[in-house]
Structures are given as C-alpha cells and as structure tokens.
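Q: kindly return the folded structure for what I paste below:
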Amino acid sequence: DIDREEHHELTPTATATGDDLVGTEVFDVSARADAADTRNPLVRLFSIPFTRIMVVYNLTQAAVVVILCLVKLILEIVCPERARAFPCTIYRLKAETGMLDLPEPTIYAVCDACHNTVLLEDACEVHEGRKQTRMCGNMRPRKRPCGNPLMTQHTLSRGLLHLIPNKTYRVLSPSKWLSFYLKQEDFNNLLECKLEHRQQSDSGRLDEVWDGAIWKQFLKDDNGMELLDNKYNFGLMLYVDWFHPFKHNQYKVGAVFMSILDLPRSERMKQCWTMLVSLISGPHEPEIHINSYLRPIVDDLLCLYQGISMQNSKGEDQVVRAVLLAVAADLPASRKVSQFLGHKADLGCSICTFRAKREDARSVGSRMSYYTPAHSPSPLRLAAQVRQQAQDLEFEEAYQHTEKRAREVAQKNGVRSSELLRLPYFDPVRMFPIDPMHTILTGLVQNEASLHFDLPDVSGMSQAEMRVFQDRVRRMEVPHDVGRLPVDIADPRLSLSGLRAAQWLHYAKAYARVCLHQLLNPGVYACFRTLVEACEILLAYSLCEADISKLEELLNEHHEAFKHVYGEFSVKVKHHMALHIAQSIRDYRPICNFWCFPYERFNG
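A: Down below sits the predicted model:
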C-alpha cells in the first residue's frame, strides 16, 4: 500500500498535513520497502534532478504526481520496458533518490491530560497473558499521579483487540540527523570550507554568527579542548512554533526544527540542511510549557556535548560534538520553551527585571504599560540567578506540595523550570535572542501603521488623505526585489491583518516615509520615521559596532516618542523587548542569523 507507506514517512521538507499526527497506527513504520535494493540507474538519473527542481520551485504534491504520470505515459509509448520501473508516486520517487534512507524516528505515547511522553514500548504491559494500557505516572503537585490511560483498546475487523496510543510524538534526534548528513559528500564539502569562510569574515564588519559573542564563548570547552574550532563539532539553533495545517479548522501542530550554524549563510537555512526534529500533535498547543516534548531532545543534546562516534562520507570514524547556541521563536512559543512568564505578567521580560505598571493595581485585567525610561534601565538577568530561581521553584513543587506556593514563587521571580536548563552550558537569558520579525515587523511596524489609520484624531489623517496615501502606494515604482502592497492597504475594514511579515518589511524600507509624507501630524510622522530609520540598520546584512550603537539610540528615541504621542499605557511588551535587540545582535550578529523568516516559510 504505497499511500500508507508515504503516509508514515518523516522528511526534512515536511510541512505536516496533520494526517500522521493523529493517534492512529503511526508506530507502524515498517514499509521503508526494498526500493533501495532495486533502484534503476536510468530512473535514478531522472529522479535526482527532478527532486531538486521539486524542492527549488516548491512544487505541490499534486503537481509532482501529475508530472510523473505524464512522463510515465510518454515512456509507455516510447519505451514500454523502461516505463515499468518509472516512479509514479512521491514515495517511489523518494525511494529512487535515497530520501527514504533517513533513520527511523523514536516514537512516544503522549498523555492527553498532562502531555507527559512515554516510550511507545513502555506504554503497555502484559497482565495475565493480555496486553493492556498503562496509566500515566507523571507526578503532579501534592505527589498525585496523573492516572490517565496512555492507550485505547480497539477491536479490529477480525475481532482482534489492538492497543493504539491516544496521541503520539515522533522524534528524529539531532544526532541521527548529523549522522545522516555526514554520510553525504555535499555536506562534507561544506565542512571543508568551514574554516575558510570564517577567515574571510575576519574584518571590521560583523557579517556572520561566528563573529558574535556567544560563538566565541564555545571555541573551547571548560576542559580547554577544541569545541567549535573543530571541523566536526557543530553549533545548533532550535526553532519552535505552532501552525494550522488545515484550512477552516483550528487544529494546531507544533514543529521543532534545528539548523547547523556552522554552514555558510547561503546554505544554512536551505531545506536540505534543516532538521525536522519533531512534530507536536494537536488539536491544541500546550498551555504553559513543552518540557515533556523537549526531554528526549535534551537527552540527545547531552550525549552530543560529550561526543558521539559517527562515520563521514569516506567511511572514517569521527567523534562529533554539538552545542545548542540559540532558540528562535516568537514570544508565546519562546516562553513555553524558556519558561519565563508570559507578556501579561508583571515580570514579563526575559532579559531584565523590568516590572510592568498596571493602570489599576487592584485589577489583573487592567491595561499594562511597558514604558522603560532610558535614564533608569532595569538590572539585567543573570544565567546563574535564573538557574537558582528555577531550582527554588522545583523545591517548592517537590517538597511543599502546594500549587499556590509554587505560583507565588514563579510570580516573584518571573521564571519557572525549563528542560533546557539541564544543558550545563546553556544560558537561559542570552540564548533566547529577540526575534526581529515578530517584535519589529509584525509588532512595532504593524501596530503603529494600524494606529495611523484607526486613530485619525491622533494621526491627523482624514479620509481624503487616506485616499492620497493609497494612490501613492499604487503609483510608487519600486525595485524588482521589493514586493507590491495591496492598493486598499488603508481600508479600515481590513485592519492590516492580512499583510505578511515580508510585506511589512517592504513597507518600512521602501513605502512608509514617502507615502506618509505630510499626511500625518508632525509628531506622529517623526515617531514613525525614527522606527523606519532603525529598521534600515536592523535589516542590514553587514554591521559594525557603530551601526549597533546607532540602532540602540534610535530604538530608545522611538520608545520615548511613542509614549509621548500615544500615551504611557499604549507601550506594549514588544516595545520593551525591542530595546534588547541590540544585545542579541552583539551575540549573534546580523538578524538574518537568528530571525524566524526561513522557518515560517517551512510552516507555510
């Protein structure tokens, strides 16, 4: 059954249709078939370049199947004996190109109630000669086990009883991905250029991630041994986000990706070198944390830090080590991983100890102000301090057994316990860089543009001036690499919600200052112009220290101007988080090294 075999594969370019995320027999991954042993050289000669075209031009699965069927139809007319071996399904195509040579993922059963993960073979037990499900043994506060069944008993067509997990979680660990990559000659060729690319970047400009402060901390480990200076040791970046795989449906799926930061920038974010580590099945995302889903990944990262023996494309044994250097995510997903409190908490910042001001101190739901005076910045958080605060919370949960006391400790410190703190080298403050895509483009730029059109009393734009703005957008000539904006961008019925992050990037860089000129009140226009000038520096692919200092100055200037124009309680958490972007750039250099654009494209 080819459809079923294709249904169970896990590929690096998968965008998750959601079918293999539901708790059916997803643990039956038996049909990798014997296709690798029966590959036809001529068919393989066609399949490899066609697969590359499929990836480069992002062809849909339906289009690929139509093309394959047409080619096979032509072969049946021209050369019938060759047509039999020609693939007519995506699964057969991938079998011919070796894409099914990926190692098998590890499969876990997931508790519906508490999201605890248990190895699939440990989710059932034999009692009196019959298999039966085990109950979730995850200990909650007050030492009460969850007790939710991990599997459900189903009756098959022949009357046989079969246990199926309520929900599954499949993990293809980073070590398996690295082992798979090292056997490929193209990947080894990129590693040969690894040191060469770093030497080329040794200039006054700060172009690459290895120019950043975080990378330089890991050139050698604590014992003085080579770490990132070694050809076969890698720095990794983790990305987590949720998306809707179905149209007109609220079912949400979580995707966990990893990238290898050692690769050149031109290769680093390509689909072929991006690891799809796991998919977190829905229908809803976990509310507070994803520690149970991160646990097997962290276990593997601990082994990689110690070193794992792998073979390269020449069959030589190499000891491979890897460290997790960064976690890229939007604000809600980042808080689920880092376990800092959310943006509605008083201590809503993961970088400093700033405490938000509430309009009504007695009301939890009142408006909050994140206005941060430049003359009195809050103290920065320290990694050792955050680790100690997480340990204090674990002590309260383990020995005091009261949920109320644990919540009080978390509210006091602004942090809970994250699974990533098990990594001895991980800095929970600096290794969560502020994502400029969600913070600046779909945050500050979108928010301020909405205020221009939604608050005419403040912005000073009349209906006639909005029509002038739309006419300027329509008539403006832009370079070929700058996308067009909707002609009805100022229509209040749209609320600007349909624009993507790339369109906000183009709006800030190319359209805003020209199209809004003399249409806004002088103070409003000056405030937004400061933000646009900051975006010009922020979006550069090459920076020097003077550029970063100028960016920091412009963001602080915009922060003060926004508070003056729109009021103190209009300053949101993203306005505060934007003030820390300069430090993230010092740690990782240009924002293209850690922004979420490439991963968002994978999610569709």
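
Q: low-confidence bits of the chain, can you list those?
A: 1-40, 42, 98-101, 140-143, 159, 195-206, 361-365, 397-403, 492-497, 604 (pLDDT under 70).

Q: pick out the residue closest to the middle of it.
A: residue 239 (2.8 Å; CA atoms, centre = their mean).

Q: can you pull the buried residues of stretch 79-92?
A: Neighbour-count burial for stretch 79-92 flags 83, 85, 86, 87, 88, 89, 90, 91, 92 (criterion: 16 or more other CB atoms under 10 Å). Heads up, the C-betas are built off the backbone N, CA and C, glycines and all.

Q: need the residues you listed in CSV (columns: distance to residue 133 and secondary structure).
A: Listed next are the buried residues of stretch 79-92 as CSV, based on distance: CB to CB, whole Å; DSSP: H, G, I helix; E, B strand; the rest coil:
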residue, distance to residue 133, secondary structure
83, 48, helix
85, 44, coil
86, 45, coil
87, 40, coil
88, 40, coil
89, 35, coil
90, 35, helix
91, 32, helix
92, 37, helix
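
Q: out of those, the closest to residue 601 would be?
A: Nearest to residue 601, judged by CB to CB, of the buried residues of stretch 79-92 is residue 90 at 20.2 Å.

Q: returning to that earlier point: give me the sheet partners of the host helix or strand of the residue nearest to the centre of the chain and which way each runs.
A: Using DSSP states H and E, the element containing residue 239 is strand 233-243. Sheet pairing of strand 233-243 (DSSP bridges) gives strand 253-260 (antiparallel), strand 317-328 (parallel).

Q: show me where the stretch 251-400 of the chain has its helices.
A: Secondary structure of the stretch 251-400 of the chain by DSSP state H, counting those that start in this stretch: the helices cover 265-268, 291-306, 331-338, 383-395.

Q: buried deepest among those, which one?
A: helix 331-338 (a mean of 21; mean count of other CB atoms under 10 Å).

Q: contacts for it?
A: 238, 240-242, 285-286, 288-290, 294, 327, 329, 340-343, 350, 418, 420, 428, 432, 435, 438-439, 573-574, 577 (CB atoms under 8 Å, 6 or more residues apart in numbering).

Q: same thing but at 7 Å, please
A: 240-242, 286, 289-290, 327, 329, 342-343, 350, 418, 420, 428, 432, 438 (CB atoms under 7 Å, 6 or more residues apart in numbering).

Q: kindly report the same for stretch 376-389.
A: Residues outside stretch 376-389 that contact it (CB under 7 Å, 6+ apart) are 351, 352, 353, 354, 413, 415, 421, 427, 428, 429.

Q: try 8 Å this time
A: Residues contacting stretch 376-389 (CB under 8 Å, 6+ apart): 349-355, 372, 409, 413, 415, 421, 427-430.

Q: now do it: distance from first to last residue.
A: 24 Å (CA to CA, to the nearest Å).

Q: and residue 230, helix, strand or coil?
A: Under the three-state scheme (DSSP: H, G, I helix; E, B strand; the rest coil), residue 230 adopts coil.

Q: quick check: it vs residue 221, distance?
A: The spacing between residue 230 and residue 221, counted by CB to CB, to the nearest Å, is 10 Å.

Q: which among the contacts of stretch 376-389 end up buried?
A: For the contacts of stretch 376-389, buried by 16+ other CB under 10 Å: 349-352, 354, 372, 409, 413, 415, 421, 427-430.

Q: closest one of those residues to residue 489?
A: residue 372 (30.8 Å).

Q: nearest spatial neighbour of that closest one, chain-adjacent residues omitted?
A: In this structure, residue 372 finds its nearest non-sequential neighbour in residue 576, 5.4 Å apart by CB to CB, 6 or more residues apart in numbering.

Q: surely the one you found touches residue 370?
A: Yes. Applying CB atoms under 8 Å as the test, residue 576 and residue 370 come out as touching, 3.9 Å apart.

Q: overlap of the contact sets of the two?
A: In contact with both residue 576 and residue 370: 348, 354, using CB under 8 Å, 6+ apart.

Q: let me see the ranges of the strands in the stretch 1-150 of the chain.
A: 106-110, 117-119, 124-127, 130-133, 139-140, 144-145 (DSSP state E, counting those that start in this stretch).

Q: follow-up on the earlier one: residue 476: which of the helices of the stretch 251-400 of the chain is closest?
A: helix 265-268 (30.5 Å).

Q: from the chain's centre, how far out does the closest one sit?
A: Mean C-alpha position of helix 265-268 versus that of the full chain (CA atoms, centre = their mean, to the nearest Å) differs by 17 Å.

Q: also stretch 574-588?
A: 18 Å.

Q: having no further points to raise, I will conclude here.
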